[in-house]
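Colleague: Sequence and predicted structure are below.
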Amino acid sequence: MKRRAKVEWSLYVAECADGSYYTGIAKDIEKRIDSHNSGKGAKYTATHGPVTLVFQEPQGDYSTALRREYQVKSLSKERKIRFVAGEKLAKPKKKAKMTFHRKKIKKRRTKRRARKTL
């Protein structure tokens, strides 16, 4: 049995026609950019396309790429512009918590008191 070569996940930032940035992850970035430009990628790029690739960064595995994508997506547009231009951004921690990992707070249920009728 032959083992396939493990393909690395990569982070990419694409600039849309309206000047906005789209951040995503993919194994084959060129193919992903083509799918964005053909209208079969994300809904956002279908309405803001065509897109051009402005930044890419290899990440290794899926989990690392997902954490990095979340980190870049949470940046302001000005900070994203500086990041794309080459300004360093500290890599997220291995066990970085994302906002959707926070514990959900359970609401207390209050018992309704039965009204006494006279």
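Modeller: Happy to help now that I have it. Numbers count the residues shown, from 1 in each chain.
Colleague: ok, Leu11 - contacts?
Modeller: By C-beta atoms under 8 Å, 6 or more residues apart in numbering, Leu11 lies in contact with 23-25, 55-57, 59, 65, 68-69, 72. Just so you know, the C-beta spots here come from the backbone N, C-alpha and C atoms, and that holds for glycine as well.
Colleague: run the last query once more with 7 Å
Modeller: Contacts for Leu11 were tallied using C-beta atoms under 7 Å, 6 or more residues apart in numbering; they are 25, 56-57, 59, 65, 68-69, 72.
Colleague: show me the contacts for the closest residue to Cys16 other than its chain neighbours.
Modeller: Nearest residue to Cys16 in three dimensions, chain neighbours excluded: His48, at 3.9 Å (C-beta to C-beta, 6 or more residues apart in numbering). His48 sits next to 16-18, 20 when contact means C-beta under 7 Å, 6+ apart.
Colleague: sorry, back to before: and the contacts of Leu11, which of them are in helices?
Modeller: In helices, judged by DSSP state H, the following of these are found: 65, 68-69, 72.
Colleague: Just give the number of residues close to the nearest residue to Gly60 once chain neighbours are set aside.
Modeller: Leaving aside its chain neighbours, Gly60 sits nearest to Glu8 (5.7 Å; criterion: C-beta to C-beta, 6+ apart). Using other C-beta atoms under 10 Å, Glu8 has 13 neighbouring residues.
Colleague: how near is Glu8 to Pro58?
Modeller: Distance of Glu8 to Pro58, computed by C-beta to C-beta, to the nearest Å: 5 Å.
Colleague: The biggest strand by length in the chain pairs with which strands?
Modeller: The residue-count maximum for a strand in the chain (DSSP state E) belongs to strand 52-60. Using DSSP bridges, strand 52-60 pairs in its sheet with strand 9-15 (antiparallel).
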